[in-house]
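Visitor: compute the structure for the input listed below.
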Amino acid sequence: MKLMKSLVAVAVLSLAASSAFAQSALKDILDNGVLKVGTTGDWNPMSVKDPATNSYKGYDIDVMTELAKDLGVELEFVATDWKTLVNGVVGGNYHMTGSASISPARMKAAGYSDSYIAVQIQPYTTADKADRFSGWDSINKADVKVAATLGTTFEKQVKEWFPNAEIKAIEAPALQHQEVLSGRSDVFVTSNIEGATLTTKFDKLVAIEVEAARAPTPIAMLLPQSDQVWINYVNNWIKIKQARGFFDATAAKWGL
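Guide: Numbering: from 1, shown residues only. Alright, predicted model coming up:
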């Protein structure tokens, strides 16, 4: 009787595993030979879209290219924006996203891979306005306009951090740093990753001196919440690539 129960239990587990794989994004990817990745193309140097060629480059692009190569499939980037990033995963528009900050709001609807890099947030302005600001509190004033891209974690952060300031939420593909460069806004916040790239590219942009950066946040890929087969595959792939130095080398390539 015990042997019979054990055999039945094994059979049930095997059936469950088979069913889970049949419904997984991993099976869809392998059957169709295409890995679909949602990316915004506006987070330099993670994902940058060249409108002239409709192609992408950046840290995320290298990571996803490597993942597709190891899966033995083609790679297709699906254009999305920050406010619909989660919806695209939930709705099956793509199998995963590129890098996104881990947040409780996103976790309600989508799953995450293990983290492979982290960011922290700093404020930026233009050189001609730099003397107006010193520390985080100097931004939280009624006469300060803070730009943030709609649907990003930055939008939520600036609303929380600067309740006295005027928050200007802008729609992608408009860029928050362009709002500041144009003079329509005074300040924007972004990750130290993007900030370093922007201040190198635009001489007018400078970091505001603050006591310390805020919101150190792990970064990961968004995945279908209930698809444990696909999540397990991606997580184990990340472990292998970390052990072999791929993530360190890719970060160094992009100055991260």
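Visitor: what is the burial count for His95?
Guide: Residues near His95, counting by other C-beta atoms under 10 Å, number 24. Quick note: C-beta positions are derived from backbone N, CA and C, even for glycine.
Visitor: show the model's pLDDT score for Ala196.
Guide: In the predicted model, Ala196 carries a pLDDT score of 87.
Visitor: again with Asp31
Guide: In this model, Asp31 is scored at 96, pLDDT.
Visitor: check Glu209 too.
Guide: Listed pLDDT for Glu209 reads 95.
Visitor: nearest residue to it other than its sequence neighbours?
Guide: Spatial nearest neighbour of Glu209, excluding adjacent residues (C-beta to C-beta, 6 or more residues apart in numbering): Ser134 at 5.9 Å.
Visitor: quick check: mean pLDDT of stretch 35-42?
Guide: The pLDDT scores in stretch 35-42 average 96.
Visitor: for it, buried residues please.
Guide: Neighbour-count burial for stretch 35-42 flags 35-42 (criterion: 16 or more other C-beta atoms under 10 Å).
Visitor: do the same with stretch 109-125
Guide: Neighbour-count burial for stretch 109-125 flags 110-113, 116-117, 119, 121-125 (criterion: 16+ other C-beta under 10 Å).
Visitor: what's the first-to-last distance across it?
Guide: Using C-alpha to C-alpha, to the nearest Å, the end-to-end distance of stretch 109-125 comes out at 34 Å.
Visitor: would CSV of the buried residues of stretch 109-125 with distance to Phe154, pLDDT and secondary structure be doable?
Guide: Below are these laid out as CSV (distance: C-beta to C-beta, whole Å; pLDDT from 0 to 100; DSSP: H, G, I helix; E, B strand; the rest coil):
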residue, distance to Phe154, pLDDT, secondary structure
Ala110, 19, 96, coil
Gly111, 22, 97, strand
Tyr112, 19, 97, strand
Ser113, 22, 98, coil
Tyr116, 21, 96, coil
Ile117, 17, 93, strand
Val119, 11, 89, strand
Ile121, 8, 95, strand
Gln122, 11, 96, strand
Pro123, 10, 98, strand
Tyr124, 11, 98, strand
Thr125, 15, 98, strand
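Visitor: if we can go back for a sec, so the residue nearest to Glu209, which state does it fall into?
Guide: Under DSSP: H, G, I helix; E, B strand; the rest coil, Ser134 falls in the coil class.
Visitor: state the distance from it to Phe188.
Guide: In this view, Ser134 and Phe188 are 17 Å apart by C-beta to C-beta, to the nearest Å.
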